[in-house]
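1. Sequence and predicted model, in that order:
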Amino acid sequence: MKILVLHGPNLNLLGRRDPSQYGAMTLDAINALLENQAEKDGLELKFLQTNSEGELVEAVQKAIGSADGILINPGAYTHTSIALRDAITASALPVVEVHLSNIYSREEFRKHSYVSGVALGVISGFRENSYFLGLQALVLHLKKSME
């Protein structure tokens, strides 16, 4: 099973960016935890972090035919990117949206997600565990759809 893991803008700053909201773990450490779990489950993960909306859209498009699903933290593009939503829809790939913080307990503008309407589900507020839980949910969905 091949999973594309996408990290949106500013997630490269994890570990020093508002640890009270996002935790102290770096993005490399989160990726290492996911990779460790992937090895146990026989998964192949491909990681991309970008601050560019266009690169995220292109990554989703390139995943068509090369990935079985996408785990994505769109960062601020969650709340602004119709282009990312459209790419996810066009890909027809199962997508799980994750967020380190609970976006629904924050500022009003963060409570709306363009991505969640086209995702299998959203896991939010569990810091690095949001990624781990999101990966589990995506794998369970993919296994079930292969039965």
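-> Ah, there it is.
2. all helices for the chain, in order.
-> With DSSP state H as the criterion, the chain has helices at 19-22, 27-41, 53-63, 82-91, 128-145.
3. Off-centre distance for the helix or strand of the chain with the lowest mean pLDDT?
-> Within the chain, judged by mean pLDDT, DSSP states H and E, the helix or strand with the poorest mean is helix 19-22; its value is a mean of 74. Using Cα atoms, centre = their mean, to the nearest Å, the distance from the centre of helix 19-22 to the centre of the chain it belongs to is 18 Å.
4. Could you shift the numbering so residue one becomes 44, and keep it that way?
-> From this message on, residue numbering opens at 44, which makes the last subject helix 62-65.
5. which outside residues touch it?
-> Outside helix 62-65, the residues that touch it by Cβ atoms under 8 Å, 6 or more residues apart in numbering are L57, L143, S144, R170. In short, each C-beta sits where N, CA and C put it, glycine included.
6. with those residues in mind, which one is nearest to D71?
-> L57 (8.7 Å; Cβ to Cβ).
7. For the closest one, give me the pLDDT.
-> Looking at L57, its pLDDT is 93.
8. next one: the one 10 residues further on
-> The per-residue pLDDT reported for A67 equals 83.
9. Repeat that for the one 3 residues further on.
-> pLDDT recorded at L70 is 97.
10. Where does pLDDT dip in the chain?
-> Along the chain, no part satisfies pLDDT under 70.
11. that older thread, now for the helices of the chain, which one comes closest to P52?
-> Per Cβ to Cβ, nearest to P52 of these: helix 96-106, 8.0 Å.
12. can you list contacts of that closest one?
-> Against helix 96-106 from outside (Cβ under 8 Å, 6+ apart): 47, 49, 51, 91, 93, 113, 115, 117, 120, 124, 126-127, 130-131, 133-134, 136.
13. Find the centremost residue of this protein, please.
-> Residue closest to the average C-alpha location in the chain (Cα atoms, centre = their mean): I115, at 1.5 Å.
14. right, and it touches E140 too?
-> Yes: contact between I115 and E140 holds when scored by Cβ atoms under 8 Å: they sit 5.8 Å apart.
15. Spit out the residues that contact those two alike.
-> Contacts common to I115 and E140, judged by Cβ under 8 Å, 6+ apart, are V158, A162.
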